[in-house]
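Q: no sequence on hand, only this structure:
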């Protein structure tokens with residue numbers, strides 16, 4: 001009996017030691033076309049090559065309230081908390097996959113009564129209790145490939161959480177800059193409305209003195225009313241942006257309106273931004289990193305499917321008590337069984353091989369999705385770089401136009417007072433001042449927002465040194481212990 005037991009364990013150890021992993025080994029994606037060495041506008045002085053400031057890029061605006069709002073959003077945003085919960089779920093799935101390679105032990109007990117009706121024997125009571133154990137020997141790597149797939153999927157989920165954070169901080173910054181731009185536009189509108197009221201009072205005085213017509217007064221009132229009508233939409237947009245920020249930071253809108261109601265200048269965007277090179281972009285953007293990890297997970301699933309072509313081996317055993325009407329604790333009631341078992345699907349009507357084809361096709365799809373993510377990232381960065389430089393040109397132009405229109409209004413008003421020009425020239429100058437000053441605030445806001453969009457396209461907003469571990473160990477605040485197993 002002892003020799004038989006030794007042969008069983010020797011077989012188990014031989015199978016375990018000779019195990020291999022069927023299916024393809026993951027080697028990382030290789031794009032058909034190599035990445036460009038530099039971005040198209042990389043020679044512009046607005047860009048430089050050191051991307052070290054991407055982790056907390058919003059600090060370049062030097063706005064304490066913006067920084068506080070982003071920090072609160074990272075701590076309390078509900079979408080980010082959902083993403084964190086998904087990371088925890090994926091991490092638990094790694095533990096489930098690993099548990100498949102460990103011995104499974106259970107306990108059971110039961111009592112039943114039976115009677116042989118053909119012979120009329122009396123009813124007999126059968127009682128059982130014991131332990132059952134099973135250990136699958138992963139000879140062909142089915143379990144190992146499953147762990148590999150679950151680990152890569154967990155890492156992809158961690159990158160998804162980072163991608164949510166990248167989008168979150170950019171959206172908070174965009175909405176905050178929009179709030180400041182709208183407040184500046186409202187201030188410009190209030191200043192112009194006050195000026196137009198003065199012009200209306202002037203025309204009314206000149207009409208009483210017989211120096212102006214009723215037409216001049218009517219036109220002045222029309223211009224003033226049009227300017228006043230432009231204010232409510234700006235207030236609606238301002239309230240909407242503040243409410244957006246409230247949702248992003250996890251606050252009730254009423255609480256945030258008080259903090260943002262006091263107007264402040266639009267934060268000045270940086271003079272230059274570190275864009276690095278396309279290869280650094282692939283390492284920085286979480287959506288690309290997530291796509292690469294999902295490619296690794298899908299490659300491992302090919303191995304899981306391939307392992308179904310081969311036999312599976314396990315060691316099964318039981319230790320228990322069994323009694324037919326007697327005492328369950330008698331020495332004769334004890335039972336012990338231990339031995340290897342094998343199962344092999346010899347005929348499945350093509351199910352296994354077609355499942356392998358399914359997983360192979362999914363690998364191809366996942367690779368194409370990865371390549372599309374890289375191309376989309378390059379497109380976003382290139383477009384954002386162009387917007388960043390062109391918005392700065394626009395700001396300079398509209399500021400010059402606004403200054404010229406104010407001077408035009410001043411001269412037109414003086415000439416009108418002196419009776420040298422008609423009132424229409426004054427009205428035209430008023431309209432132009434109102435439009436240009438509103439455009440200045442809008443252009444400044446869009447210029448700052450363009451820098452935010454560029455930082456977002458570059459994947460900034462998280463710590464690039466916080467690498468996702470490639471052995472299944474948790475990341476993103478989950479600790480450094482191994483993914484758990486049952487028991």
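A: Arrived safely, thanks for sending. Note that the structure is a prediction, hence the values are computed from the model and not measured.
Q: which residues touch residue 416?
A: 202, 422, 423, 425, 426 (C-beta atoms under 8 Å, 6 or more residues apart in numbering). (C-beta placed from N, C-alpha, C; glycine too.)
Q: what about the residue lying closest to residue 353 once chain neighbours are set aside, how many residues nearby?
A: In this structure, residue 353 finds its nearest non-sequential neighbour in residue 309, 7.6 Å apart by C-beta to C-beta, 6 or more residues apart in numbering. The number of residues packed near residue 309 is 15, by other C-beta atoms under 10 Å.
Q: does residue 309 touch residue 351 like I think?
A: No: the criterion here is C-beta atoms under 8 Å, and residue 309 misses it with residue 351 at 10.9 Å.
Q: chain center to stretch 280-293, what's the gap?
A: 12 Å (C-alpha atoms, centre = their mean, to the nearest Å).
Q: equivalent analysis for stretch 369-384, please.
A: With C-alpha atoms, centre = their mean, you get 16 Å for stretch 369-384.
Q: buried residues in that stretch, which are they?
A: Residues of stretch 369-384 classed as buried by neighbour count (16 or more other C-beta atoms under 10 Å): 370, 371, 373, 374, 377, 378, 380, 381, 382, 384.
Q: for the fifth one, what are its contacts?
A: Which is residue 377. Here residue 377 is in contact with 281, 282, 285, 287, 288, 457, 459 (C-beta under 8 Å, 6+ apart).
Q: okay, and which of these map to helices?
A: 281, 282, 287, 288, 457 (DSSP state H).
Q: nearest residue to the second one other than its sequence neighbours?
A: Spatially, and ignoring its direct neighbours in sequence, residue 282 is nearest to residue 288 (5.3 Å; C-beta to C-beta, 6+ apart).
Q: likewise the first one?
A: With C-beta to C-beta, 6+ apart as the criterion, residue 281 has its nearest non-adjacent residue at 5.8 Å, and that residue is residue 377.
Q: secondary structure element for residue 135, which one?
A: Using DSSP states H and E, residue 135 maps to strand 124-137.
Q: now the angle from whichever helix or strand comes after that strand to strand 124-137?
A: Downstream of strand 124-137, the first helix or strand assigned by DSSP H and E is helix 142-208. Counting by axes from the mean of the first three to the mean of the last three C-alpha atoms, to 10 degrees, helix 142-208 points 70 degrees away from the direction of strand 124-137.
Q: chain center to helix 142-208, what's the gap?
A: The mean C-alpha position of helix 142-208 is separated from the chain mean by 18 Å, C-alpha atoms, centre = their mean.
Q: tell me which other helices or strands the helix or strand following that helix touches.
A: Toward the C-terminus, helix 142-208 is succeeded by helix 214-229 as the next helix or strand (DSSP H and E). Secondary-structure packing of helix 214-229 (3 or more C-beta pairs under 8 Å, 6 or more residues apart in numbering; DSSP states H and E): helix 142-208, helix 423-457.
Q: what's the angle from the helix or strand just after helix 214-229 to helix 142-208?
A: Next helix or strand after helix 214-229 toward the C-terminus (DSSP H and E): helix 231-249. Counting by the same axes, to 10 degrees, helix 231-249 points 160 degrees away from the direction of helix 142-208.
Q: circling back to that earlier point, next, format the helices and strands packed on helix 214-229 as a markdown table and append mean neighbour count.
A: Formatted as a markdown table, the helices and strands packed on helix 214-229 follow (neighbours: other C-beta atoms under 10 Å):
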| stretch | mean neighbour count |
| --- | --- |
| helix 142-208 | 21 |
| helix 423-457 | 22 |
